[in-house]
Structure formats: C-alpha cells, structure tokens
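Colleague: compute the structure for the input listed below.
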Amino acid sequence: MNWRQGRGRKAVLGVMLTAALAAGSCSTEDPGGGEIVLAVEQWPECLNPITSCANASWLSWAVLVHLQPGLMEFDADNSLRASPVLVEAPTTDNGGVTVNDDGTFTVTYRLDPDARWSDGTPITSTDVWFTWRATLDTRGSLRTVGYDLITGVDAADPRTAVVTFSKPYAPWRYMFQGLLPAHAFDGETDIADHWNDSIPISGGPWRQESWSQDEQVLVPNENYWVTERIPLVDRVVMVPRENTESETEALQAGEVMAALPQPFPGARERFGGNLALVDGPGTFIEGLWFNQIAPDRRFEITANLRRAVAYALDRERIAEAALGSIIEDPQVLQCAGWNPAFGDWCGDDFAGYVQDMAAVTELLTADGWSRPDPEGLWVNAAGEELILQWNTVAGNKRREEVQALVAEMTEPFGIGWEMINYDPSELFQRRLPAMDFGPVALYASPTEPDPSVTRLYDIDGIPGEANGFSGQNHMAYASPQASALAFAIDDAIDEAARLELAAELGALLAADVPWIPLYVLPNLLVWNSTVLEGPGEWVSSVYGGFYDMYDWTVIG
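Modeller: Residues are numbered from 1 along each chain as shown. Okay, here's the model as predicted:
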C-alpha cells in the first residue's frame, strides 16, 4: 500500500479551511492557522541525524520525522509502505527486489518526480547515494550496519536509485529512513561538523525556522508536494520540559497543549478533565544494561555475575511497580532485543530467571566471591564488595522508583548498588556513546517490526577509539557467536529461517545475559482537548505521537 492509499486528511476540515481562506474570514469555527505549543521531555543536545546526537530518541520524534523524508515509511500501525518519495514500494513482483546470479542483492527505488526539498531542489537518486556515503564516512556515525554491505548506488537516472548489496539483506526496508540533500553539503560526505545546530533544508511537511536549547519552531514547508500532509496551523513551538513532573505541571497550567511523557506511576490520576490521555503498546523495551568495559567498574562484569543479578530480581514485581498504575496487567519481557508486539520473534528465553538464592550463591562462589557476613555483601578475593554503579535518567520517577525497589530487593542476596543519575543529554548523548557509564544502566531501547538486532550485538559496533566511537553495542558484548547469529538473521530472506535463527540467538543471550530485559514501555500521549483537535492516532508509532501534527488544528 502506498501513501496515496493511506490515512487521508479530515475532509471536512480541509473544505472549511479552503472556504475560510477564499472568503478571507477568520472565525472561531475556522480550523486553519494558529500556533501549537508542545512539551519535549528529552531535549536533543544537537541535531546531526547521523552522529551520537541521534542517540536521543527525541531528536527523531521532535525534529527528524518532521523534516527528513525516508524511502519507506511506517503507517500508524507500524506496517511498512512506500513513502511519498517513491512511486511504489520495491517488490520481487515489480522487479524492484532481486537476488542476482553472482550472489549480490539489488533493490531498485523509483522516485516520484514531484518529490522536492524545501528549497525547491528535486529529491533524486543522488540524494540516496549521498545518504549512503554520509552514513559510512561521517566521523562517529551511530549506525553503519547494512550500509556497509552496499557496494554501490547507481544514480545515473535521477528518478531511479539502484542499490546493490554484496549479499541478500533482509532489513533493507528499514534503511534510508532519513534522506540527506546532497546539494546542501558541497560533496562533503563527512557531515559530523554540519547540521548540529540547525537543519536548514527539509523534505517533510515542516521546515525548521529556528532551534536552540530553549525552543524549536517549525513552520509549514511551502514546497511540500503531498497535499494531504500540508500542515493546517501556522507554526509549532516545542519547548523542553525534561522530566515527567515538569511536563505534567506545564500541561495542567496550560503552558503547553500536548506532551508525550514517559510512563510514570500514577499517570492516570494526574490527568483528566480537559486533559485527554491515550496509551498504546510501545516500541521501546526497557532493561538493565551491563557495560562490561565501564571505566568505573571495580571488578570484571562476568557472565556469572550478570546471571547472579538476574536471579536476584523479581521482575514481575518490578514490572508491576513500574507500570501497574499506568496499564492493566503489565507483562515481563522475556527476550533480549525483540518486541512481543511484532511477530513471533520474542520467545520466553528469560522465563527461568526468577529469584533464586541458591543460584546466586552457586554463580558468585564459582567466580571466587565469598560472603563472610551472611547478612552482608559478597566480597571478592581483592576485598572489593559487590557494589555496582547504576545510572539512569535523573528526575524520571518510574526509573528512580525501580532503582529503590531493586536495591531493597537484592539486599538479602548480598548485592549492593551505587546510584548515580544524569540528565538525558548527559546520559544518552555523552556517556553512552563514550562507553562512560555503569557498569549498569537502566534505559529503553527502540525496536522495529523486523527481527534485526545487529546494532545491539555486532562486535564491531562496540564504541571505541578504533571505530571513532560509532555503533550501539553499548554492552561491549563481544560474543563472536551472538554477532554471527545477528548477521545471519539479517542475511536470511526466508521468514522461517529467520525465526529459527532468532530462537537460537535468544537462547544464547539468555545464557550470557548481556542485559536483563524488564518490560515493554507503553506509549502515552496527553493533550488539552479544549484547545487542540487531532492527536491520538499515532500514539504507538515508532515515529512518536507528534508525527501527524500536520493534521492537528487549534480550537478557537
């Protein structure tokens, strides 16, 4: 299904807006014009869409999805379709996807001749080529997996991009989610020093008028070619409210019209009346992530130690405490990297990890730990107590309550914690990319419908000096077997084969415990229904609940 068959604009609103403009009138019934003010929970430190700036989920939700066009796109239900940049999605039936006799793999994208950037320049196959090269050539590129398999992009025909991979690559549909305008960079494919404090050219329904650490202003892209997505308001102002409490207070005080807050205990009790709240299955999975090369670790973070921590946790109790006042019947996540809402990839690999004192004792004793005081902490041969530094987002009530609960929960098991929390930009855009955290951190990781988890488990994706601190294997999980299985999932085109490989990898991860899965985060969207009409459909989208704000209107 292409975009022309997707969600349509509210027809009545479109007719009313056209009529009002034609008459030169403006009344309280007119849905056109006005300003929307939105709260952003994790303000991006910088805007570069390729470097560690993009490690912040909110950079995508607040900025990139409104400005950067992709080749394929998700609908509100997270199913893939051709984006407005394409005439149609490549398939084997239309010749767009082929496995060649020499073992290479080709995807042919036919671009819509009407697609253009906000400065009027056509979007062409050269932009596809440039995005590929910039992803690989930019210092500190966050994710190169998949792009490093491309052997070339034929851009001879401006309207056709022929992308050739060295071998079949099943997640090709999820690539090129954010095209870059080649003409904006004067041929320089290392864009690390560009687009850090402004994105001057857009290929989406909005363009960025200004951005600072205090606010972002988006205005309609007057050259956008998709009439169904031309914004109905004059501008959108986004302001930072970097924790759930300040976000909630801003909504209640009428300082902002909508927010996409982190789920927090008591959320439903805090909203009501004019503040509409919708929730839905989330696309982020949360857990305890071990950094095996954390600079502040006092001892090796061995597999036995990681397993022991898993056996010291009551994850059902953690899920209930974190989410029980937000959604009904919170479920424990039992797989390490997949979302149970997407297909059958997520198994029950971690179901055996329940509180077990005997298992903790056996594992730690095997690693040389002892517990001289049966009521105290474990101690290793060097005299170091088993205290793990634990980082998460400061001011996030849900996560801080999880920390307090786990500290209480693991005390009888002889495991202690040192809590050091950071603001979101410090944790996600500085410490994680530099591997300067932990050895334990509590945060959420994004998921997609495709079972690819290479970004998590690729050995070469461990950030470090050798690769310019690129990659997202922030666990420093250096398992050749896990890395090979992750790549094999990407290589397999057959769905049954991919499922078998995912099951094999899932079992290995449960044995190694590079991180401990806890739960899937639900998505929440809150808005003032007396001043804003239109939010709610995209709450569970990978693009975030603000994605369709081109269709929102100001009331009054």
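
Colleague: who's in contact with residue 184?
Modeller: Listed by Cβ atoms under 8 Å, 6 or more residues apart in numbering, the contact partners of residue 184 are 200, 201. Backbone N, C-alpha and C define where each C-beta goes, glycine included.

Colleague: ok, 6 Å please
Modeller: When the contact criterion is Cβ atoms under 6 Å, 6 or more residues apart in numbering, the partners of residue 184 are residue 201.

Colleague: separation between residue 543 and residue 62?
Modeller: Using Cβ to Cβ, to the nearest Å, we find residue 543 at a distance of 11 Å from residue 62.

Colleague: against residue 337, how distant is residue 237?
Modeller: In terms of Cβ to Cβ, residue 237 sits 37 Å off from residue 337.

Colleague: the two: who's more crowded?
Modeller: Set side by side, residue 237 and residue 337 show unequal neighbour counts under other Cβ atoms under 10 Å, the larger going to residue 337 at 27 against 16.

Colleague: the more buried one is in contact with residue 455, isn't it?
Modeller: No - using Cβ atoms under 6 Å, residue 337 is not in contact with residue 455, being 9.5 Å away.

Colleague: and residue 136, what element?
Modeller: Following DSSP states H and E, one finds residue 136 within helix 125-137.

Colleague: and that helix, how far out from the chain middle?
Modeller: Shown here is helix 125-137, whose average C-alpha point lies 22 Å from the average C-alpha point of the whole chain (Cα atoms, centre = their mean, to the nearest Å).

Colleague: identify the residues contacting stretch 50-66?
Modeller: Outside stretch 50-66, the residues within contact range by Cβ under 6 Å, 6+ apart are 40, 42, 44, 46, 49, 138, 140-142, 178, 192, 204, 206, 238, 428-429, 433, 543-544, 547.

Colleague: tell me how many other residues crowd residue 499.
Modeller: When neighbours are counted by other Cβ under 10 Å, residue 499 registers 17.

Colleague: quick one, what contacts it?
Modeller: Counting by Cβ under 6 Å, 6+ apart, residue 499 touches no other residue.

Colleague: equivalent analysis for residue 47, please.
Modeller: Neighbour list for residue 47: 195, 196, 199 [criterion: Cβ under 6 Å, 6+ apart].

Colleague: give the burial count for the closest residue to the second one other than its chain neighbours, as a bare number.
Modeller: Meaning residue 196. Distances taken as Cβ to Cβ, 6 or more residues apart in numbering place residue 46 nearest to residue 196, at 4.4 Å, with adjacent residues excluded. Applying other Cβ under 10 Å, we find 17 other residues in the vicinity of residue 46.

Colleague: a helix runs through residue 46, doesn't it?
Modeller: No - if the criterion is DSSP: H, G, I helix; E, B strand; the rest coil, then residue 46 is coil and not within a helix.

Colleague: mind starting the numbering at 33 from now?
Modeller: All right, first residue 33 from here; so that's residue 78.

Colleague: separation between it and residue 162?
Modeller: In this structure, residue 78 lies at 20 Å from residue 162, with Cβ to Cβ as the measure.

Colleague: next one: residue 399
Modeller: Distance check for residue 399 against residue 162: by Cβ to Cβ, it reads 50 Å.

Colleague: count of neighbours near residue 257?
Modeller: Here the neighbour count serves as a burial measure; for residue 257 (other Cβ under 10 Å) it reads 16.

Colleague: residues contacting it?
Modeller: Neighbouring residues of residue 257 by Cβ under 6 Å, 6+ apart: residue 146.

Colleague: and it, what pLDDT?
Modeller: Listed pLDDT for residue 257 reads 98.

Colleague: repeat that for the one 4 residues further on.
Modeller: Looking at residue 261, its pLDDT is 97.

Colleague: can I assume it is in contact with residue 582?
Modeller: Yes - proximity of residue 261 to residue 582 meets the contact threshold set by Cβ under 6 Å, at 4.9 Å.

Colleague: which strands and helices sit next to the top strand by length along the chain?
Modeller: Determined from DSSP state E, the single longest strand within the chain is strand 307-322. Secondary-structure packing of strand 307-322 (3 or more Cβ pairs under 6 Å, 6 or more residues apart in numbering; DSSP states H and E): strand 472-478, strand 547-560.

Colleague: residue 399 and residue 162: which has the busier surroundings?
Modeller: More neighbours sit around residue 162 than around the other of residue 399 and residue 162, counting by other Cβ under 10 Å; the figures are 25 against 16.

Colleague: now the helix or strand encompassing residue 98, how far from the centre of its chain.
Modeller: When secondary structure is defined using DSSP H and E, the element that contains residue 98 is helix 97-99. From the chain centre to the centre of helix 97-99 is a distance of 14 Å (Cα atoms, centre = their mean).

Colleague: next SSE after it?
Modeller: Using DSSP H and E, the helix or strand that directly follows helix 97-99 along the chain is strand 104-106.

Colleague: what's the local residue count around residue 357?
Modeller: That count, for residue 357 with other Cβ under 10 Å as the rule, works out to 16.

Colleague: need the contact list for it.
Modeller: Counting by Cβ under 6 Å, 6+ apart, the residues that residue 357 touches are 297, 298.

Colleague: check residue 343 too.
Modeller: When contacts are counted by Cβ under 6 Å, 6+ apart, residue 343 touches 388, 391, 392.

Colleague: dump those residues into TSV; add neighbour count and secondary structure as well.
Modeller: Listed next are those as TSV, based on neighbours: other Cβ atoms under 10 Å; DSSP: H, G, I helix; E, B strand; the rest coil:
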residue	neighbour count	secondary structure
388	16	coil
391	18	helix
392	25	helix
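
Colleague: tell me the pLDDT of the residue lying closest to residue 143 once chain neighbours are set aside.
Modeller: Computed as Cβ to Cβ, 6+ apart, the closest residue to residue 143 that is not its neighbour in sequence is residue 191, at 5.0 Å. Here, the pLDDT recorded for residue 191 equals 98.

Colleague: count of neighbours near residue 191?
Modeller: Applying other Cβ under 10 Å, we find 15 other residues in the vicinity of residue 191.

Colleague: and if you look at residue 361?
Modeller: 8.

Colleague: now do residue 403
Modeller: By the criterion of other Cβ under 10 Å, residue 403 has 17 neighbours.

Colleague: how about it, what does it touch?
Modeller: The neighbours of residue 403, taking Cβ under 6 Å, 6+ apart as the test, are 410, 446.

Colleague: any idea how far residue 215 is from it?
Modeller: Summarising the geometry, the distance separating residue 403 from residue 215, computed by Cβ to Cβ, is 65 Å.

Colleague: show me the shaky parts of the protein.
Modeller: Across the chain, the ranges flagged by pLDDT under 70 are 33-64.

Colleague: tell me where it has helices.
Modeller: With DSSP state H, the ranges of helices along the chain come out as 43-55, 89-91, 97-99, 157-169, 276-284, 299-302, 335-343, 347-355, 389-398, 429-442, 456-457, 486-489, 512-523, 527-544.

Colleague: closest to residue 506 out of those helices?
Modeller: Between residue 506 and these, the tightest spacing by Cβ to Cβ is seen for helix 486-489, at 8.5 Å.

Colleague: now for that closest one, which elements pack on it?
Modeller: Using 3+ Cβ pairs under 6 Å, 6+ apart as the contact criterion, the elements in contact with helix 486-489 are helix 512-523.

Colleague: what is the orientation angle of the helix it packs on with helix 527-544?
Modeller: Counting by axes from the mean of the first three to the mean of the last three Cα atoms, to 10 degrees, helix 512-523 lies at 160 degrees to helix 527-544.
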